[in-house]
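K.L.:
sequence-free structure coming up:
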Ligand SMILES: Nc1ncnc2c1ncn2[C@@H]1O[C@H](COP(=O)(O)OP(=O)(O)OP(=O)(O)O)[C@@H](O)[C@H]1O
Ligand SMILES: Nc1ccn([C@@H]2O[C@H](COP(=O)(O)O)[C@@H](O)[C@H]2O)c(=O)n1
């Protein structure tokens, strides 16, 4: 029953890496970020606006996180989300954190979402600060504390392929060692 959590800064490449790890492990990918985006859409809010709304409505993060923990307990999953690893750590075999410079992440999000560089830069920096404040207020968790992670990767100067290879190789090696058999 493998459980992998991929967290990290907005635009660092979490979804890209988590999707590939899930493919290699042949398990589903569950994204807290996607759930959070869907909730924003349902409430007719802009993504960034919803982050601010969540600040005075802690039940939003708690419902996203409860879903992540319940799914982790069921096993055989890759969980992805900016904040997810901190809450599923007790149930995860491997926790990976991705980071990159704000400039690099803004460029990637601008390209991905068809936004201006200025808008993307504002989004990635504001989202990170709003998330940091919420998690500190709700759980007393400082998302600057990366000590819970098994692997921290700065993807600023890595190609997608290199970032994927590093993350997948580490995950497969760690799982194979932990379960004393070739997992992938
Ligand atoms: N190492 C990399 N080098 C260049 N581009 C990358 C790299 N990793 C991911 N990307 C690209 O950057 C964009 C953002 O990646 P991705 O959506 O995986 O990030 P994320 O952390 O999940 O973002 P968000 O926090 O907004 O959900 C995507 O278009 C992806 O293809
Ligand atoms: N456990 C949680 C709770 C909330 N989030 C929020 O989802 C947003 C989008 O996540 P990305 O992976 O797309 O960055 C994120 O900014 C959090 O506010 C979460 O990720 N995990």
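P.N.:
Perfect, I can see it now. This structure is a prediction, so every number in the text was calculated from the model and none was measured. Ligands and ions are numbered 1, 2, ... in the order given.
K.L.:
next, the buried residues of stretch 55-67.
P.N.:
Buried residues in stretch 55-67, counted by 16 or more other C-beta atoms under 10 Å: 55, 60, 61, 64, 65. C-beta here means a position set from N, CA and C on the backbone, and glycine is covered the same way.
K.L.:
wait, stretch 98-114
P.N.:
So stretch 98-114, judged by 16+ other C-beta under 10 Å, has buried residues 98, 99, 100, 102, 104, 105, 106, 107, 108, 109, 110.
K.L.:
can I get those residues in TSV including distance to ligand 1, pLDDT and secondary structure?
P.N.:
Shown next, in TSV, are the buried residues of stretch 98-114 (distance: C-beta to the nearest ligand atom, whole Å; pLDDT from 0 to 100; DSSP: H, G, I helix; E, B strand; the rest coil):
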residue	distance to ligand 1	pLDDT	secondary structure
98	6	98	strand
99	10	98	strand
100	7	98	coil
102	12	97	helix
104	8	98	helix
105	8	98	helix
106	11	98	helix
107	8	98	helix
108	3	98	helix
109	6	97	helix
110	9	98	helix
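K.L.:
can you tell me if the biggest helix by length in the chain touches ligand 2.
P.N.:
Secondary structure of the chain read by DSSP state H shows that its longest helix is helix 117-139. Yes. Helix 117-139 lies within reach of ligand 2 by C-beta under 6 Å from any ligand atom, at 127, 131.
K.L.:
show the average pLDDT along that helix.
P.N.:
Averaging pLDDT along helix 117-139 yields 94.
K.L.:
do that helix and ligand 1 come into contact?
P.N.:
No. Contact between helix 117-139 and ligand 1 is absent, the nearest approach being 7.3 Å (criterion: C-beta under 6 Å from any ligand atom).
K.L.:
what packs against that helix?
P.N.:
Packed against helix 117-139 by the contact rule (3 or more C-beta pairs under 8 Å, 6 or more residues apart in numbering; DSSP states H and E) you find helix 47-55, helix 59-74, helix 84-88, helix 102-113.
K.L.:
who touches the third one?
P.N.:
With C-beta atoms under 8 Å, 6 or more residues apart in numbering as the contact definition, helix 84-88 has outside contacts at 3, 5-7, 32, 65, 68-69, 72, 79, 92, 95-97, 135, 139, 141, 143, 148-149.
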